[in-house]
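S.K.: the sequence and its predicted three-dimensional model are supplied below.
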Amino acid sequence: MRKVDISKAVFIHLYVTQKKSGNDIARFFGIGRTTVTHYIHEFGLTPRTGKEVLANNPHNPNTPRQREAVRAAGKLRVGELNPNWKGGKAWVDHKGYHRVRRDGRYILEHRWVMEKHLKRRLSPGEDVHHINGNKTDNRVENLAVLSRTDHMKLHWANGAKEKILREGKSNNHSDNH
């Protein structure tokens, strides 16, 4: 370690009062980061924890101070204000279904559309079927609520499609009116 004339008072002021980072202090004195750590111990200062370092970093987006600064500058664009907004559609999953965010988690869009239409939550035993077979066509008129059993029959049994759809729609209709 090369000998550098470091003012103890200035060092303590930067580290304790101004809460400068070790990297900032190293740049200020023209020394390495390891040397800063050496002086922290030599001057009897307590090294900061990782949490303290993050809390004092003005560029850390996860501090209340930084979030407030971003909001104040009008840069926090959430939802429709964000240029990447796609109408609430999050993505198409590995099975080809649209997923949307609701209550802090992502759900299948066709279930969400049907729940809005019916004005109730679907039970876990209720499936939403795409009548035209297009998994991304989530218009209400293309969706039918079926029991899990009927939905499986529809996809696996030959010739039962129209009957199950009629029964599924009429059963569903009578439940809600």
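M.R.: Happy to help now that I have it. None of these values were measured; they are calculated from a predicted model.
S.K.: low pLDDT regions in this protein?
M.R.: For the chain, the stretches flagged by pLDDT under 70 are 1-4, 54-63, 65-67, 69-90, 157-177.
S.K.: and the end-to-end length of stretch 109-129?
M.R.: One end of stretch 109-129 to the other measures 12 Å (C-alpha to C-alpha, to the nearest Å).
S.K.: now do stretch 102-112
M.R.: End-to-end distance of stretch 102-112 (C-alpha to C-alpha): 9 Å.
S.K.: and it, what's buried?
M.R.: I107, L108, E109, H110, R111, W112 (16 or more other C-beta atoms under 10 Å). The way it works is simple: take the backbone N, C-alpha and C, and place the C-beta from them, glycine included.
S.K.: next: stretch 109-128.
M.R.: The neighbour-count check on stretch 109-128 (16+ other C-beta under 10 Å) flags E109, H110, R111, W112, V113, M114, E115, L118, E126, D127, V128 as buried.
S.K.: now render the buried residues of stretch 102-112 as TSV, adding distance to M152.
M.R.: Compiled in TSV, these are given as follows (distance: C-beta to C-beta, whole Å):
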residue	distance to M152
I107	21
L108	17
E109	21
H110	17
R111	17
W112	22
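S.K.: which of the residues you listed fall in helices?
M.R.: Under the assignment DSSP state H, the buried residues of stretch 102-112 contribute E109, H110, R111, W112 to helices.
S.K.: now the last one: how far from K51?
M.R.: Counting by C-beta to C-beta, to the nearest Å, the gap between W112 and K51 amounts to 38 Å.
S.K.: also the first one?
M.R.: Applying C-beta to C-beta, the value for E109 to K51 is 39 Å.
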